[in-house]
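Colleague: build the 3D model from these lines:
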Amino acid sequence: MEITDREFERLVGYMHDNYGINLSSKRVLIQGRLGNMIRERGFKSYGEYIDAVLADKSGVEVTTILNKLTTNHTYFMREPEHYTFMRETVLPWAVANARGNELRIWSAGCSSGEEGYTTAMLLDDYFGVKKAQWDTRILATDISETVMEKAKKGIYTEDGMKGLSPEWKQRYFTKITDGMYEIVPAIKKELIFKHFNLMDPMPEKYKQRPFDLIFCRNVMIYFDQPTKNALVNRFYDVLKPGGYLFIGHAESVARSETKFKYIKPAIYRRPL
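Modeller: The predicted structure follows:
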């Protein structure tokens, strides 16, 4: 099924204006990922399908199209140097400056949960017997309800756990079938899942209780530069002075357009 110029422009505009996703050079990808589904579901054109997406108030159609046009591939201990830096630099600073034994961490674009759960495991390992004295629950947000439902279940294949040590696999997972493992309840309860569109204004409570660390990795690869700049500046506003932003290694922050201080590849800090 071919997409017309008008339909393409309409879909590209909708995805950009509502979700910040830039598909202006992805015509082939759109046809490849949507064409068969649209035809199988009985729509006669892309325009008819877009009408259905706009008319659906349940959010199901929007979730479907987001899942089709973006990639939710992730795994445990992705970009391990981030976790080394978190353990050696971020956590000592955050603990020394914490109020009420609370750390504030946000996994923005949490996908199927591997990033948030890896972070929760690191925190449990870092604090050890003192963990019960700390509130280190992690805010995990995504625009896709589907991937968050998978994350809430906390069930993963052994293949996606390759980056974890045998000790962590034994401590933080329960084997449920051959090749399938479930996160233990003590780690599962550390994540607070919420639906959130990163194009929306930051909630006031995020500004009132700013974060020590924000993960937003491999999300901005879908955004054009003005959208990236605006999002990064919104993150700046909800970080504590001295707080850190982790992005993907294929991404960058336009330092001339933000106040963030570059620390090392894919790590930025709000100045103290």
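
Colleague: from now on I want contacts and neighbour counts done on CA atoms only, so please keep to that.
Modeller: Noted.

Colleague: just the strands in the stretch 101-250 of the chain please.
Modeller: For the stretch 101-250 of the chain, the strands defined by DSSP state E, counting those that start in this stretch cover 105-108, 138-142, 155-157, 173-177, 180-183, 191-195, 211-216, 239-247.

Colleague: and these: which comes nearest residue 38?
Modeller: In this view, the strands of the stretch 101-250 of the chain are compared for proximity to residue 38 by Cα to Cα, and strand 138-142 is the closest at 24.6 Å.

Colleague: so for that closest one, what's the average pLDDT?
Modeller: Computed over strand 138-142, the mean pLDDT rounds to 97.

Colleague: report pLDDT for the closest residue in space to residue 53 that isn't next to it in sequence.
Modeller: For residue 53, ignoring the flanking residues on the chain, the nearest one in space by Cα to Cα, 6 or more residues apart in numbering is residue 61 at 5.2 Å. The predicted local distance difference test score for residue 61 is 87.

Colleague: ok, residue 42 next?
Modeller: pLDDT for residue 42: 95.

Colleague: what do you get for residue 72?
Modeller: Per-residue confidence for residue 72 comes out at a pLDDT of 65.

Colleague: so what are the domain limits for this structure?
Modeller: Structural domains of the chain, as assigned by automatic domain parsing, span the residue ranges 5-69, 80-269.

Colleague: how far does the longest one sit from the chain's center?
Modeller: So that's domain 80-269. Its chain's average C-alpha position is 8 Å from that of domain 80-269, according to Cα atoms, centre = their mean, to the nearest Å.

Colleague: now the strands of the stretch 101-250 of the chain as CSV including mean neighbour count and distance to residue 46?
Modeller: Formatted as CSV, those follow (neighbours: other Cα atoms under 10 Å; distance: least, Cα to Cα, whole Å):
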stretch, mean neighbour count, distance to residue 46
strand 105-108, 24, 31
strand 138-142, 23, 26
strand 155-157, 19, 35
strand 173-177, 14, 41
strand 180-183, 18, 38
strand 191-195, 17, 27
strand 211-216, 24, 31
strand 239-247, 22, 34
